[in-house]
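Q: Coordinates for the following, if possible.
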Amino acid sequence: MVNNDYHRLTNYFEVQFRPFQRKDAPDLYPAALRAEIDALNEWLFPNVNNATYRMMFAQSLTAYNEAFEDFYSALDTLEQRLADRRFLFGDYVTDSDVRLFVTLARFDTRYFQYLGPIKRPVSEYPSLWAYARDLYQIPAFRNNTYLRDIAQTPGDKKATFARYTTRFADDIDYDAIWSAPQDRARLSKTPGEPFRRHTQEEA
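A: Numbers count the residues shown, from 1 in each chain. This is a model prediction of the structure:
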């Protein structure tokens, strides 16, 4: 299969590839929430996921500042949204959480060093940082998130102006940082089950 529709690719896996999944596989794109998930994803992409690249690739200070403001305004909005709900749509992980996580996992780990002065790292947003760690501590996320690989940047560690992660990524225990305790489960009615499951009737 060849597909470059990256905006919808995960949805294809969640819907069209359903016959190839376990009967009780996680339902990341529940029918009742699809319109809301699509709307949030349409907002997440320019304001969070792509905003980091808009900053990194900006060729003018005006373009950089626009992306900077979009990104941090979005983080403020997400911080408020996650203050009283475990995941973006409540008790269960959805497609939107996966999309947000990939940027959160990379910002403090790597992206920051390609930017100018940042307003604050993700780790200084209490709800967002606990939320990101909560997701990481779910085996499906942890087992597929290679933080040290994300952090490592090419270059000579002994070079005069080597990047921070070029010099120190091998010495940082990223798993320990991301495994620090958090109490997000208290916000859920199903603290032991972060996924909504497909039922046999749906399979």
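Q: Could you use CA atoms for every contact and neighbour count after this?
A: Will do.
Q: From the chain's centroid, how far away is stretch 64-75?
A: 16 Å (C-alpha atoms, centre = their mean, to the nearest Å).
Q: Adjust the sequence numbering to begin at 28 for everything that follows.
A: Yes, from this point I'll number from 28; that puts the last item at stretch 91-102.
Q: Check which residues of that stretch are buried.
A: Buried residues in stretch 91-102, defined by neighbour count with 16 or more other C-alpha atoms under 10 Å: Tyr91, Ala94, Phe95, Asp97, Phe98, Tyr99, Ala101, Leu102.
Q: among those residues, which are in helices?
A: Tyr91, Ala94, Phe95, Asp97, Phe98, Tyr99, Ala101, Leu102 (DSSP state H).
Q: May I ask you to confirm that Arg190 is in contact with Tyr138?
A: No: Arg190 lies out of contact with Tyr138 (C-alpha atoms under 8 Å); the separation is 11.4 Å.
Q: Buried residues in the least confident helix or strand in the chain by mean pLDDT, which are they?
A: One helix or strand of the chain scores below all others by mean pLDDT, DSSP states H and E: helix 191-195, with a mean of 77. By neighbour count on 16+ other C-alpha under 10 Å, the buried set for helix 191-195 is Thr192, Thr193, Arg194.
Q: quick one, phi/psi of Ala159?
A: Phi and psi for Ala159, reported as degrees, to the nearest 10, are phi -60, psi -40.
Q: Now for it: which residues touch it?
A: Listed by C-alpha atoms under 8 Å, 6 or more residues apart in numbering, the contact set of Ala159 reads Phe128, Leu131, Ala132.
Q: Check it and give its pLDDT.
A: We note a pLDDT of 99 for Ala159 in this prediction.
Q: And for Gly182?
A: With respect to pLDDT, Gly182 has a value of 68.
Q: before we move on, what about Ala196?
A: Value listed for Ala196 in the pLDDT field: 79.
Q: What of the one 5 residues further on?
A: The score at Tyr201 is 93. That number is its pLDDT.
Q: if I pick it, what's in contact with it?
A: Applying C-alpha under 8 Å, 6+ apart, the residues near Tyr201 are Leu174, Arg175.
Q: Now Thr121: closest residue in space, sequence neighbours ignored.
A: Spatial nearest neighbour of Thr121, excluding adjacent residues (C-alpha to C-alpha, 6 or more residues apart in numbering): Leu55 at 4.1 Å.
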